[in-house]
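> I'll drop the sequence and a predicted model, then ask my questions.
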Amino acid sequence: MAKESIQAENSDLQKHIENGVEKIISDAVKATLRDPKQSAFFARFAAASAKASKRRIELEE
């Protein structure tokens, strides 16, 4: 029972962190629209972040 509770808490924390990172990326991209190089960097970073999040979820299961 305790193990399931810890896994649920970890899952909630993971979702919270993922949402926070997505918000930061979104705000950063909006702030850098005037600089195409920075926008391209953040777009690549956002894609890599999404891929990493999916991978972490897969490894949890």
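Structure's in. What do you need?

> which residues of this protein fall in helices?
Per DSSP state H, the chain carries helices over the ranges 2-31, 36-60.

> Need those in CSV (columns: mean pLDDT and mean neighbour count).
No exception for glycine: its C-beta is placed from N, CA and C like everyone else's. Converted to CSV, those look like this (pLDDT from 0 to 100; neighbours: other CB atoms under 10 Å):
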stretch, mean pLDDT, mean neighbour count
helix 2-31, 78, 12
helix 36-60, 85, 12
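
> wait, what's in contact with residue 56?
residue 14 (CB atoms under 8 Å, 6 or more residues apart in numbering).

> how close does it sit to residue 32?
Counting by CB to CB, to the nearest Å, the separation of residue 56 from residue 32 is 26 Å.

> Residue 21 too?
Per CB to CB, residue 21 is found 16 Å from residue 32.

> Next: residue 15.
From residue 15 to residue 32 the distance is 26 Å (CB to CB).

> cool, residue 47 as well?
Between residue 47 and residue 32 the distance is 16 Å, computed by CB to CB.

> ditto for residue 16
25 Å.

> What of residue 40?
Residue 40 sits 9 Å away from residue 32, going by CB to CB.

> nearest residue to the residue nearest the centre of the chain other than its sequence neighbours?
Nearest residue to the geometric centre of the chain (CA atoms, centre = their mean): residue 18, 3.6 Å. Once flanking residues are discounted, residue 18 sits nearest to residue 53: 5.0 Å by CB to CB, 6 or more residues apart in numbering.

> which residues sit in contact with the one you found?
By CB under 8 Å, 6+ apart, the contact set of residue 53 is 14, 18, 21.

> Which one of the residues you listed is nearest to residue 36?
Taking CB to CB as the measure, residue 36 sits nearest to residue 21 out of the contacts of residue 53, at 22.6 Å.

> right, and that closest one touches residue 50 too?
No - Residue 21 lies out of contact with residue 50 (CB atoms under 8 Å); the separation is 9.3 Å.

> Please report how far residue 40 lies from residue 47.
11 Å.

> What of residue 16?
For residue 16 relative to residue 47 (CB to CB), the value is 21 Å.
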